[in-house]
Structures are given as structure tokens and as C-alpha cells.
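K.L.:
Got a sequence here, can you build the structure:
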Amino acid sequence: MRHMDEQKLAALIRQVKEGTVDEAELVRAIQAAPFKDLGEVRLDTHRALRKGFSEIVYCPGKSDEQLTAIAEAFVDEEANILFSRATRAQYDLVARVLPDARFHEKARIVALGRAVMPSCPGLTVVTAGSSDVPVAEEAAVTAEYMGCAVERLYDVGVAGLHRLLAHVDILQSSRAIVAVAGMEGALPSVVGGLVSCPVVAVPTSTGYGANLGGLAPLLTMLNSCATGVSVVNVDNGLGAGYFAALIVRQSR
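P.N.:
The predicted structure follows:
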């Protein structure tokens with residue numbers, strides 16, 4: 001059974017009304033929608049219907065057998081699918097089952113881009129330093145597969161504020177911004193003071209000892225004096241990209 005999304009359910013209902021599909025088939029489709037039991041894994045096939053995007057597969061800790069079973073469950077899927085925090089070896093494993101899978105190495109994401117989605121402009125991802133790019137790419141790639149056109153502004157941190165101010169026009173025309181920073185984590189507050197759109201702040205574990213594995217920028221961002229700044233957990237680029245994409249998609 002393919003994942004059930006809103007369009008497929010609406011199409012089935014129309015076919016029932018037209019008489020080309022009987023009611024029993026509609027019932028079977030809805031009964032099969034909630035999840036697919038793969039043994040140790042229960043794939044949430046109802047996620048797209050509830051939330052508008054399929055379940056994202058978190059790869060760390062999963063065995064080769066589990067990943068293979070999940071990949072096989074996606075063979076006939078027509079939606080966009082993401083495998084997050086994947087290694088090259090895990091990509092190779094998935095690609096044996098899903099040859100159209102693509103590996104975004106910096107983002108550590110294996111992706112299937114099978115759905116045709118309208119491109120929603122207005123999402124900007126900024127980083128304080130180039131060391132923050134992997135987390136930023138996780139956010140950007142996630143948002144792109146959710147149908148957003150993403151502008152990237154990397155290495156524009158407060159240590160050289162003129163680099164950020166050179167792009168104020170892009171920032172102020174954005175519908176949502178993901179601001180990624182390690183060290184002391186000041187970038188989201190600065191960005192938040194320049195724009196009227198929501199800013200999703202992402203602390204990273206990049207920095208010297210007092211960074212405390214991302215705790216220092218996390219606390220800075222939580223204590224931001226700029227309004228309109230929301231904070232996700234340390235290194236959570238995927239969560240930030242997902243949340244920002246929802247904002248952009250709903251602001252069309």
C-alpha cells in the first residue's frame with residue numbers, strides 16, 4: 001500500500017462517487033494508511049495525510065536489515081522521502097533498493113525527490129561561520145524537498161557584521177529565516193532585529209571549550225532580546241528546516 005496523502009484520498013473519494021472504485025476498496029485503503037509493520041520498525045504511512053509530509057527516517061542506530069526493509073517499503077512511493085543523518089555506507093545500502101535516491105553529503109541526507117511540488121520562495125538560511133554549514137545544509141535540503149526555494153547566505157557572522165549587512169535586502173524580503181550559529185550564538189538575535197519575518201535559531205556544537213557542546217549558543221538564543229525568534233535544539237538543522245518550510249508554505 002502506498003502512503004496515503006490528501007490528494008490520493010480525495011482522488012479515491014471522487015472515484016467512489018463516480019462509481020469507478022467501490023466503497024470496500026476505499027475502506028481497505030484507509031485501514032492500510034496508519035502504519036506499515038516491518039517487524040522492528042513500524043513505518044508511519046499516515047504521516048503525510050496528517051502533516052503534509054512523509055515520515056523522515058532517522059538513520060543512526062538502524063541496522064542494515066532495518067534500513068533495507070524501510071527502503072523496500074518506499075519502492076512504489078510517489079512522495080518525497082528523506083533519510084536523515086545518513087552515512088555514505090547507508091546511502092549505498094538504500095540506493096541498492098532505491099536507485100533514484102540522491103545523497104546530499106554535507107547535509108547527511110538521502111533523499112527521494114519523486115513528487116512534483118510547487119516551489120515556494122522566501123526561505124533564507126544563514127550561518128555565522130563556514131563550520132556551521134553542515135547543520136545549515138540539513139535545514140536547507142529538508143526545506144527544498146518540502147517544496148521551498150532556499151536562499152543560502154553562509155559565513156556572515158557577527159565577527160564581521162558587514163558581511164551580513166551586505167544582504168539586508170534578501171533578509172528583509174524573506175518569509176522565514178533559519179539562522180545557524182555556534183560559538184556564542186549571537187547571529188539570530190542580530191538577524192531578528194533586522195527583519196519582520198519569523199527567525200528559527202539553530203545552535204551548533206561548533207566552538208571552543210566554553211561553547212559546551214552547543215549549550216552556550218543555545219542559552220544565548222533562548223535569551224534573545226529580539227522578538228520573533230524561535231529556537232530548536234543543538235545541531236537540529238532538520239527540525240529548523242521543517243518548521244521554516246511550514247511557515248513559508250502557509251504564507252503563500
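
K.L.:
CA atoms for contacts and neighbours, from now on please.
P.N.:
Will do.

K.L.:
And whatever helix or strand residue 12 lives in, what's buried?
P.N.:
Residue 12 is located in helix 6-18, with elements delineated by DSSP states H and E. Buried positions in helix 6-18, judged by neighbour count with 16 or more other Cα atoms under 10 Å: 12, 13, 16.

K.L.:
List just the nearest of those to residue 134.
P.N.:
residue 12 (40.9 Å; Cα to Cα).

K.L.:
So the closest one is in contact with residue 19, correct?
P.N.:
No. Counting by Cα atoms under 8 Å, no contact exists between residue 12 and residue 19, whose distance comes to 10.3 Å.

K.L.:
Torsion angles phi and psi at the nearest residue to residue 193 once chain neighbours are set aside?
P.N.:
Spatial nearest neighbour of residue 193, excluding adjacent residues (Cα to Cα, 6 or more residues apart in numbering): residue 226 at 5.4 Å. Residue 226 adopts backbone torsions of phi -80, psi 140, taken as degrees, to the nearest 10.

K.L.:
separation between residue 226 and residue 187?
P.N.:
Using Cα to Cα, to the nearest Å, one gets 11 Å for the distance from residue 226 to residue 187.

K.L.:
likewise residue 166?
P.N.:
15 Å.

K.L.:
Compare the two and say which is more crowded by neighbours.
P.N.:
Taking neighbours as other Cα atoms under 10 Å, residue 166 and residue 187 compare with residue 187 leading, 28 against 11.

K.L.:
How about the contacts made by that one?
P.N.:
Taking Cα atoms under 8 Å, 6 or more residues apart in numbering, we find residue 187 in contact with 127, 128, 157, 158, 179, 180, 181.

K.L.:
Among these, which one sits closest to residue 149?
P.N.:
Distances from residue 149 to those, taken by Cα to Cα, are shortest for residue 179, at 16.2 Å.

K.L.:
Could you grab the helix/strand/coil label for that closest one?
P.N.:
State at residue 179, reduced to three classes by DSSP: H, G, I helix; E, B strand; the rest coil: strand.

K.L.:
Give the bridge partners for it, please.
P.N.:
Beta-bridge partners for residue 179, by DSSP bridges, are residue 126, residue 201.

K.L.:
how much space between residue 112 and residue 118?
P.N.:
16 Å.

K.L.:
Show me which of these two is the more surrounded one.
P.N.:
The residue with more neighbours, out of residue 112 and residue 118, is residue 112; 21 against 11, by other Cα under 10 Å.

K.L.:
name the element that one belongs to?
P.N.:
Using DSSP H and E, residue 112 falls in strand 109-113.

K.L.:
Assumed residue 216 was part of a helix.
P.N.:
Yes. Per three-state DSSP, residue 216 lies within a helix segment.

K.L.:
Would you mind measuring from it to residue 143?
P.N.:
As defined by Cα to Cα, residue 216 lies at a distance of 26 Å from residue 143.

K.L.:
Run through the strands of the chain in chain order.
P.N.:
Taking DSSP state E to define them, one finds strands in the chain at 36-37, 42-43, 57-58, 80-84, 102-104, 109-113, 120-127, 148-153, 176-181, 199-203, 229-231.

K.L.:
can you tell me the average pLDDT over the first one?
P.N.:
Across strand 36-37, pLDDT averages out at 58.
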